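Q: Based on what follows, work out the 3D shape:
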Amino acid sequence: MTLDDIAQVMEVEQQSFPTIWPPTAFKREIRHNRLARYLVAVQRRQDAEESRNGASPEGDPHPSGLGRLVGGLRHILDGDETPPEERNELVVGFVGVWLLIDEAHIVTIAVRDGHRRRGVGELLLIAAIETARLAGHEVVTLECRVSNAGALRLYEKYGFRRVDIRPRYYSDDNEDAYVLSVSDVGTASYERRFERLRNEHRQRCGEYAREL
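A: Numbering: from 1, shown residues only. Okay, the predicted model is just below:
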C-alpha cells in the first residue's frame with residue numbers, strides 16, 4: 001500500500017466496518033510505523049472486462065473467480081473521483097500486518113463489496129502469512145468476531161486455533177472476539193501445508209501476480 005492507494009482503501013474500509021479509521025491513520029501507519037506492512041489486492045480493468053465477457057487471456061484456464069487478480073503492493077494511478085468500474089486498477093481488498101518482536105499480528109483485513117466470496121480474502125491471508133514467514137516470524141495472531149463463521153473456517157484451514165476470547169471487543173455492538181493464533185509458520189511441516197493450500201487456491205480461483 002502506498003499513500004496513493006488510500007482513497008480506494010477507504011472505500012473498502014467503509015464497506016467493511018461499522019467504525020472506520022480516518023485516512024490520516026493509514027498515512028501515519030505507512031509513513032511512521034516501521035513495524036507495519038500493508039498490502040493491497042488490485043484487479044486490472046482489462047482483466048475484469050475479460051472476466052465479465054467470458055473471455056480469458058490465452059492459456060488462462062480460469063476466466064472467472066479472481067481472474068488475473070494482482071496480489072501485493074500496487075501503485076494506484078486513478079483519482080478517487082473515477083467510478084470503480086472505469087478505473088484501470090481497482091483495489092479490491094487490503095490487509096495490515098504488524099511485525100512485532102515475538103509475533104506477526106494481522107490488524108485488519110477487508111474485501112470490497114462485489115468481490116467477496118471470490119477468494120480475495122484468502123489471497124490476502126496468504127499474503128499476510130507469507131509476509132510473516134519472510135520476516136522470520138513463527139507466530140501469527142489475529143482477532144475475529146465470534147459470529148463470523150466463514151472467516152473462522154478460513155483461518156482454521158490455515159492452522160489458526162482459538163487461544164483466548166476478548167469480551168465486548170467490538171465497539172459497535174460489543175460483540176466478543178476470538179483471539180486466534182498459529183505458532184509454527186516457519187517450520188517445514190507448515191511450509192508444506194501452506195504450499196498445498198496456496199496451490200489449491202490458485203487452481204480454484206486463478207493465477208495472480210505478486211509484487212512484494
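Q: quick one: Ser171 is in a helix?
A: No - with DSSP: H, G, I helix; E, B strand; the rest coil as the criterion, Ser171 is assigned coil and is not in a helix.
Q: confidence score at it?
A: Here, the pLDDT recorded for Ser171 equals 88.
Q: Leaving out chain neighbours, which residue sits closest to it?
A: Thr19 (5.9 Å; CB to CB, 6 or more residues apart in numbering). Every residue, glycine included, has its C-beta placed from N, CA and C.
Q: neighbours of Thr2, just the number please.
A: 13 (other CB atoms under 10 Å).
Q: er, Ser147 I mean
A: Ser147 has 11 nearby residues by other CB under 10 Å.
Q: Okay, and it sits in which element?
A: Following DSSP states H and E, there is no helix or strand that holds Ser147.
Q: one step back: assign a three-state SS to the residue nearest to Ser171, would you?
A: Classified using three-state DSSP, Thr19 is coil.
Q: measure it to Arg168 for me?
A: Distance of Thr19 to Arg168, computed by CB to CB, to the nearest Å: 14 Å.
Q: just Ser16 next, same as before
A: 20 Å.
Q: These two: who's more crowded?
A: Using other CB under 10 Å, the more surrounded residue of Ser16 and Arg168 is Ser16, with 17 against 10.
Q: Name the nearest residue to the more buried one, ignoring sequence neighbours.
A: Ala110 (3.8 Å).
Q: List the residues that contact the one you found.
A: Applying CB atoms under 8 Å, 6 or more residues apart in numbering, we find Ala110 in contact with 12-13, 15-17, 93-95.
Q: need the longest strand for this protein.
A: strand 89-99 (DSSP state E).
Q: Run me through the strand neighbours of the helix or strand just after that strand, direction for each.
A: Sequence-wise, the next helix or strand downstream of strand 89-99 (DSSP H and E) is strand 104-111. When pairs are called by DSSP bridges, strand 104-111 turns out to pair with strand 89-99 (antiparallel), strand 140-145 (parallel).
Q: per-residue pLDDT, Ile101?
A: For Ile101, pLDDT reads 94.
Q: most neighbours per residue, which of the strands paired with strand 104-111?
A: Among these, ranked by average contacts under mean count of other CB atoms under 10 Å, first place goes to strand 89-99 (a mean of 23).
Q: okay, that strand in CSV with CA atoms only?
A: Presented in CSV, the C-alpha positions along strand 89-99 are these (Å, rounded to 0.1, in the frame of the first residue of the first chain):
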residue,chain,number,x,y,z
GLU,A,89,-6.7,-0.6,-11.4
LEU,A,90,-9.3,-1.3,-8.7
VAL,A,91,-8.3,-2.0,-5.1
VAL,A,92,-10.5,-5.0,-4.2
GLY,A,93,-9.0,-5.7,-0.7
PHE,A,94,-6.3,-4.9,1.8
VAL,A,95,-4.6,-6.4,4.8
GLY,A,96,-2.4,-5.0,7.5
VAL,A,97,0.2,-6.8,9.5
TRP,A,98,2.3,-5.6,12.4
LEU,A,99,5.7,-7.4,12.7
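Q: Show the residue spans covered by the strands in the chain.
A: 36-44, 70-72, 89-99, 104-111, 140-145, 161-166, 177-182, 209-211.
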